[in-house]
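S.K.: sequence first, then the predicted structure, then my questions.
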Amino acid sequence: MTAKISTLCLLLACAGPLAASRSLETTYRTAGSAVHAAFDEVREHLQTSSAVFRRGRTEIIFGTVVSSDGFILTKASELGELSDVSVTVDRERYDEPVLVAEDPTWDLALVKIDANDLVPVDLAAVEEPARGSWVVANGATTRSKRRVQVGVVSANTREVFAQGGTVLGVQLKSGDDELVVESATEGTGAERAGLTSGDRIVSMDGKPIESRESLIEELKERRVGDTVMLGIEREGASLELEVELAGRADVFGEEATRNDAMSGEYSERRTGFPRVMQHDVMGNRHFMGGPVFDLDGHCVGMNIARFSRCETYAIPAEDLRGIVDQMVGGSGKN
């Protein structure tokens with residue numbers, strides 16, 4: 001594989017009348033056929049160990065095969081309802097996938113299909129790729145064939161905090177010294193927990209909350225997907241509700257920047273992850289959920305968010321191993 005990449009680099013340097021056109025021929029561009037051919041060995045890993053989720057004929061998201069008997073991880077916030085979704089692994093189509101579990105901290109969904117001979121990604125311990133390392137991920141697919149997109153690791157592995165911070169998902173009444181709920185935002189953990197207008201927040205995880213400032217300070221220490229025990233007073237009664245936290249941008253939206261306007265279809269949830277590997281493989285939000293491979297076919301991560309036109313975040317393989325053990329193990333798999 002190293003020899004093939006060296007040859008490719010030489011082709012890229014010599015291809016076409018660069019002095020005159022100052023542009024590579026299409027064949028030798030990042031998405032060109034000559035580039036894809038150099039990564040054919042890795043493409044086979046994409047073919048057998050990545051999944052394509054379709055609603056009708058429309059690709060909605062990719063997935064990563066994590067067990068031979070049909071468990072697949074993908075990006076939860078892009079998946080949506082499964083009632084009319086099919087899953088293709090290699091060249092085989094599977095109908096009626098089942099949602100088994102979700103992990104809101106990582107924005108992951110674990111899906112089960114009726115299969116027994118899949119080829120899961122190899123998550124054996126490998127050295128984390130350094131900046132500048134080549135990586136390969138899913139590009140657009142045909143009905144039966146995965147295509148490659150290539151790029152390099154472009155930043156150090158790090159935590160990406162929720163844009164705008166972490167929130168409960170409630171509106172508080174203004175002009176009131178007490179923390180009284182005006183409303184719970186639809187679709188948030190606060191709404192699911194049953195918070196309602198008139199509830200007065202008095203504590204979080206047993207610690208008294210006496211002001212907006214103390215509430216903000218407590219939330220700073222927590223991540224998207226964490227749960228807290230919220231103490232409230234409702235019509236003279238004391239209650240405790242378990243509330244799942246969300247990112248401010250996910251709940252209340254975010255102001256689009258000029259860079260966003262040029263970024264195409266970036267992920268709806270693109271921040272608030274405990275650890276990410278950043279790379280520059282081209283794509284959009286529908287390319288998320290699939291595995292990321294090094295040149296030797298080792299799975300080094302799973303794409304989880306398209307942040308901008310030149311930044312994609314992936315869950316590193318080291319973290320993915322623990323996630324798979326927890327989610328698949330907790331599903332009742334023997």
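M.R.: Okay, I see it.
S.K.: where do the helices of this structure begin and end?
M.R.: 2-14, 18-21, 33-38, 40-49, 76-79, 189-193, 212-220, 248-252, 258-261, 317-329 (DSSP state H).
S.K.: which one of those has the lowest average pLDDT?
M.R.: Lowest mean pLDDT within the helices of the chain: helix 18-21, a mean of 48.
S.K.: flag the shaky bits of the stretch 1-150 of the chain, pLDDT-wise.
M.R.: Judged by pLDDT under 70, the stretch 1-150 of the chain has its weakly predicted residues at 1-22, 28-32, 36, 143.
S.K.: can you rerun that using 80?
M.R.: 1-38, 140-144 (pLDDT under 80).
S.K.: which parts of it are strands?
M.R.: Using DSSP state E, counting those that start in this stretch, the strands of the stretch 1-150 of the chain run over 50-55, 58-65, 71-75, 85-89, 92-95, 98-103, 108-112, 134-138, 148-152.
S.K.: most tightly surrounded among the ones you listed?
M.R.: Looking across the strands of the stretch 1-150 of the chain with neighbours counted as mean count of other CB atoms under 10 Å, the highest average goes to strand 71-75: a mean of 27. (C-beta placed from N, C-alpha, C; glycine too.)
S.K.: partners of that one in the sheet?
M.R.: With DSSP bridges as the test, strand 71-75 is paired with strand 58-65 (antiparallel), strand 108-112 (antiparallel).
S.K.: just want the angle from that strand to helix 40-49.
M.R.: Orientation check (axes from the mean of the first three to the mean of the last three CA atoms, to 10 degrees): strand 71-75 against helix 40-49 gives 110 degrees.
S.K.: other SSEs contacting the longest strand seen in the chain?
M.R.: Counting residues, the longest strand found in the chain (DSSP state E) is strand 299-308. Secondary-structure packing of strand 299-308 (3 or more CB pairs under 8 Å, 6 or more residues apart in numbering; DSSP states H and E): strand 58-65, strand 71-75, strand 134-138, strand 273-279, strand 291-293, strand 311-316, helix 317-329.
S.K.: what does the first one contact?
M.R.: Translated: strand 58-65. 48-54, 71-75, 78-80, 85, 87, 89, 111, 118-121, 138, 140-141, 286-291, 299, 302-303 (CB atoms under 8 Å, 6 or more residues apart in numbering).
S.K.: again, but for the last one
M.R.: Contacts of helix 317-329 from elsewhere in the structure, counted by CB under 8 Å, 6+ apart, are 66-67, 71, 73, 100-101, 103, 106, 108, 110, 123, 125-126, 128, 274-275, 298-302, 315.
S.K.: what do you get for the fifth one?
M.R.: The list of residues contacting strand 291-293 from outside it, by CB under 8 Å, 6+ apart, reads 42, 45-46, 49-50, 64, 121, 135-138, 277, 279, 281, 299-303, 314.
S.K.: what pLDDT, on average, does that strand get?
M.R.: 97.
S.K.: what comes up buried for it?
M.R.: Buried residues in strand 291-293, counting neighbours by 16 or more other CB atoms under 10 Å, are found at 291, 292, 293.
S.K.: ok, so of those, who is nearest residue 35?
M.R.: Using CB to CB, residue 293 is the member of these that lies nearest residue 35, at 15.2 Å.
S.K.: tell me the contacts of residue 76?
M.R.: 102, 103, 104, 107, 108, 109.
S.K.: skip the chain neighbours and tell me the closest residue to it.
M.R.: residue 109 (3.9 Å; CB to CB, 6 or more residues apart in numbering).
S.K.: need the residue closest to the centroid of this structure.
M.R.: Taking CA atoms, centre = their mean, the centroid of the chain lies closest to residue 304, which sits 2.0 Å from it.
S.K.: residue 220 is in contact with residue 165, isn't it?
M.R.: Yes: in this structure, residue 220 is within contact of residue 165 by CB atoms under 8 Å, at 6.8 Å.
S.K.: have a look at those two and say which one is more surrounded.
M.R.: residue 165 (16 against 10; other CB atoms under 10 Å).
S.K.: phi, psi of the more buried one?
M.R.: With angles defined as degrees, to the nearest 10, residue 165 sits at phi 90, psi -180.
S.K.: for it, give its distance to residue 274.
M.R.: Residue 165 sits 15 Å away from residue 274, going by CB to CB, to the nearest Å.
S.K.: could you do residue 295 as well?
M.R.: Using CB to CB, we find residue 295 at a distance of 27 Å from residue 274.
S.K.: higher neighbour count, these two?
M.R.: More neighbours surround residue 295 than the other of residue 295 and residue 274, with 19 against 16 (other CB under 10 Å).
S.K.: count of neighbours near the closest residue in space to residue 145 that isn't next to it in sequence?
M.R.: Using CB to CB, 6+ apart and skipping the chain neighbours, the partner closest in space to residue 145 is residue 47 (7.0 Å). Using other CB under 10 Å, the number of residues around residue 47 comes to 19.
S.K.: please consider this matter closed, and thank you.
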